[in-house]
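Chemist: Below are the sequence and a predicted model; questions follow.
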Amino acid sequence: MRLALSLHPEALAALPFKLRLEAERLEGTFRHENPVLGPLDLPFAARLEGERVRPIPLPPPSLEVEGWLRPWGLELEVRLRLPPGRTWGERAFARILEALFAKALEGSLPAGARLPL
């Protein structure tokens, strides 16, 4: 999912993220109320390389974020990282969790935060 996030304190307070930007490191968590698994805190981390935001891999379950630092804020692509499924059932369950995550994230963002594909 592509997001546009303002870095103004008032805008950040309205987000379902805890976000920290220190030097060349962006990190935080997204609190996700999953109807199947209950509340999940999904961590993410990235490093800034100029205007580029590059993901720092974290063990699943976590988020992978990458994108660009813009004058108005962050333009990010957010993906859910889950353990790899070994069976077709595990892979199908992962797809269900990904869809639930995308729906929860979309529903918790302020208007205009989601970018078109």
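Modeler: Received, thanks.
Chemist: List the residues that contact Gly50.
Modeler: Contact analysis of Gly50 by CB atoms under 8 Å, 6 or more residues apart in numbering lists nothing. Where C-beta positions appear, they are placed from N, C-alpha and C, glycine not excepted.
Chemist: cool, Pro57 as well?
Modeler: Going by CB under 8 Å, 6+ apart, Pro57 touches Glu64, Arg81.
Chemist: need the longest helix for the chain.
Modeler: If you go by DSSP state H, the chain has its longest helix at helix 88-108.
Chemist: How far does that helix sit from its chain's centre?
Modeler: 13 Å (CA atoms, centre = their mean, to the nearest Å).
Chemist: Which secondary structure elements does that helix sit against?
Modeler: Applying 3 or more CB pairs under 8 Å, 6 or more residues apart in numbering; DSSP states H and E, one finds that helix 88-108 contacts strand 25-34, strand 73-81.
Chemist: Quick check: which of those strands has the most neighbours on average?
Modeler: Comparing the helices and strands packed on helix 88-108 by mean neighbour count (mean count of other CB atoms under 10 Å), strand 73-81 ranks first with a mean of 19.
Chemist: pLDDT score for Pro83?
Modeler: You'll see Pro83 listed with a pLDDT of 91.
Chemist: thought it was touching Arg91?
Modeler: No. Applying CB atoms under 8 Å, one finds Pro83 not in contact with Arg91, separated by 10.8 Å.
Chemist: Thanks a lot, catch you later.
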